[in-house]
Structures are given as C-alpha cells and as structure tokens.
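S.K.: Quick one: sequence and predicted model below, then my questions.
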Amino acid sequence: MKPTILSIIGKPLSGKDTQADLLVAAHPDAVKLSPGGLIREVRDTGQNHRFWKLLGPHIATMEQGIKIPDVPVVEGMNGLAKEQIAAGKSLIVFAGYPRSFTQLDGIAQLSCDTGSQLLFMHINASDVETYHRAYHRGEGRSDDDPMMHTIRLSEFEKHVVPMMEKLRSEGRIIDIDGMQPTDIVFKQVENELQHHLWDPEVTLPVMARR
C-alpha cells in the first residue's frame, strides 16, 4: 500500500494537534510532524540541531506569531517526511502544514517524490472558542497570550484561508466540526481517513478520477 500523507489544517488551537496525536496513538505506522514543533525543537536544542542553519534565523519571527518564510519550512518538513517514509512509516500526519500556496506546492511535490496518497482535512473552530482554549490551556506558552493569539489568527486568515478556499473549490479538503467533543471529532477524522484509504481518489476532482 502506498504511504498516506494526511494534512490537518486549522486555526491555532482548533484541535489539529490533538487529533494528530490521537491518530499517531491509534496507528503504530504513523508519525506526527508540525512546523511549530520542529521550530521549537530547533530553538530548545540550539546551534547543535541539524536544522539550526535552516530554521534558527526564523525563531524570533515565529515567536512573534508571524508566519516564517516558506522555503525553509518546506525543506525541513519535506525532508523529515521523506526520512520517516524511508524508515517504514506509512502514515505521515502533518499538523498545521501546509500554510500557504508555496507550501501547498511543496507538499504536492513531496507526494509525487514519495508516491504517497495525499489527504487534506480542516478542523474548524470559532475564534471565540480558540481564545477560550488559549486562556484555559495553562501551558504558559507565549502564543497563548491573547494579543499573540490575535496575531496568529490574523496570519491564518491571511495565508491559510486562501489556500483552503482553493482546495475546497477543487473538492480536495474535508471539513470537520472541531467544536464537538474531542472523541467525536476523532471518530470523524478516523472515519474519513479510513474512507480515503479504501478509496484514495475520494478527494480528487471529479475529472481526475478514474
């Protein structure tokens, strides 16, 4: 069976990372990769991290809630995914990637290079709900600050929403109501994933299906 690349997209604190973690727990052949997670890892490791030269210069930008340049993100994320596929992982779960048209092109190239099936899901949540989650998360992360969260939501609207609209117009993205309880959201995510694995052309435009 071909590897599957599942991209879970959503606003900050929409629940995309939670759903990605649940999928990895349910699928031993899965791995979660996220731009934010990678950049925080680079930040915490420092100059000894192998991606320091690639991503280190952009840590301050990320910590301001602003989207960092596309090229280093694509290089880092696609490189990690190729390594995981080569190591035998058959389900790559991207949380919050791609975030722009350039990154979308990058993930399409990744799918082509690795012969992987590609599936996009959008976990939808209201702005009010994401502010509520930021307030109650309690992790002490700088991006939970209301002002920072506002910036992150603005960046999402600016860069990610147009990309999602393109995918939606092509019938290539599955919208899931992230306002429901976590277990209900996960059941829908899992059902959509299994449907895709059974019929990998389910998210292709009609004219592209066999």
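M.R.: Looks like it came in fine. Residues are numbered from 1 along each chain as shown.

S.K.: Where do the helices of the chain begin and end?
M.R.: Listed in chain order, the helices of the chain (DSSP state H) span 16-26, 35-45, 52-55, 59-63, 70-86, 101-114, 127-137, 146-155, 161-169, 182-198.

S.K.: what residues does the last one touch?
M.R.: Applying C-beta atoms under 8 Å, 6 or more residues apart in numbering, the external contacts of helix 182-198 come out as 1, 4, 6, 8, 15, 18-19, 22-23, 26, 117, 119, 121, 123, 174, 176-178, 180, 202-203. C-betas here are computed from N, CA, C, even on glycine.

S.K.: hang on, the earlier thing: okay if I get the helices of the chain as a markdown table plus mean neighbour count?
M.R.: Listed next are the helices of the chain as a markdown table, based on neighbours: other C-beta atoms under 10 Å:
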| stretch | mean neighbour count |
| --- | --- |
| helix 16-26 | 19 |
| helix 35-45 | 17 |
| helix 52-55 | 16 |
| helix 59-63 | 15 |
| helix 70-86 | 18 |
| helix 101-114 | 17 |
| helix 127-137 | 15 |
| helix 146-155 | 15 |
| helix 161-169 | 14 |
| helix 182-198 | 15 |
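
S.K.: just so I know, which of these lies nearest A95?
M.R.: helix 16-26 (4.1 Å; C-beta to C-beta).

S.K.: elements contacting that closest one?
M.R.: Where contact means 3 or more C-beta pairs under 8 Å, 6 or more residues apart in numbering; DSSP states H and E, helix 16-26 is packed against strand 4-10, strand 30-33, strand 91-95, helix 182-198.

S.K.: Walk me through which strands the second one pairs with, and which way each runs.
M.R.: Partners of strand 30-33 in the sheet, by DSSP bridges, are strand 91-95 (parallel).

S.K.: Return the partner strand as CSV; C-alpha atoms alone will do.
M.R.: The C-alpha trace of strand 91-95 is given here as CSV (Å, rounded to 0.1, in the frame of the first residue of the first chain):
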residue,chain,number,x,y,z
LEU,A,91,1.0,7.5,7.6
ILE,A,92,2.6,10.9,7.8
VAL,A,93,0.3,13.3,9.8
PHE,A,94,1.1,16.9,9.2
ALA,A,95,-0.4,19.2,11.9
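
S.K.: Make residue 1 into 198 and carry on from there
M.R.: New numbering, starting at 198: the last item is strand 288-292.
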